[in-house]
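Colleague: predicted model, plus sequence, below.
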Amino acid sequence: QERYAHLKEESSQVKKQLIGMAIQQEVFFYTFVLSIENRIKSLAILKAYEQWVEEKHNF
């Protein structure tokens with residue numbers, strides 16, 4: 001691929017470092033997104049619970 005053509009001339013050590021950095025970025029991004037998804041789900045559950053409690057008190 002043209003995107004990685006510049007790596008052809010790099011040493012094995014540089015390639016390993018770049019791959020390691022790319023993996024770290026992917027792991028960070030995945031963890032970050034997962035954390036946000038969990039917070040969104042928690043907020044949705046809390047909101048649903050609050051609505052349920054409010055409806056229960058109105059009866």
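Modeller: Everything's here; your move.

Colleague: mind listing the helices for this protein?
Modeller: 12-58 (DSSP state H).

Colleague: what residue ranges in it score low on pLDDT?
Modeller: 59 (pLDDT under 70).

Colleague: the spatially most central residue of it and W52, how far apart?
Modeller: The centroid of the chain falls nearest to V33 when counting by CA atoms, centre = their mean (2.4 Å). Here the criterion is CB to CB, to the nearest Å. By it, V33 lies 29 Å from W52. For every residue, glycine as well, the C-beta is placed using N, CA and C.

Colleague: off-centre distance for stretch 43-59?
Modeller: 29 Å (CA atoms, centre = their mean, to the nearest Å).

Colleague: same deal with stretch 39-49?
Modeller: On CA atoms, centre = their mean, the centre of stretch 39-49 falls 19 Å from the chain's centre.

Colleague: give the buried residues for it.
Modeller: Buried residues in stretch 39-49, counted by 16 or more other CB atoms under 10 Å: none are found.

Colleague: roughly how far apart are I45 and F29?
Modeller: To F29, I45 is 25 Å away according to CB to CB.
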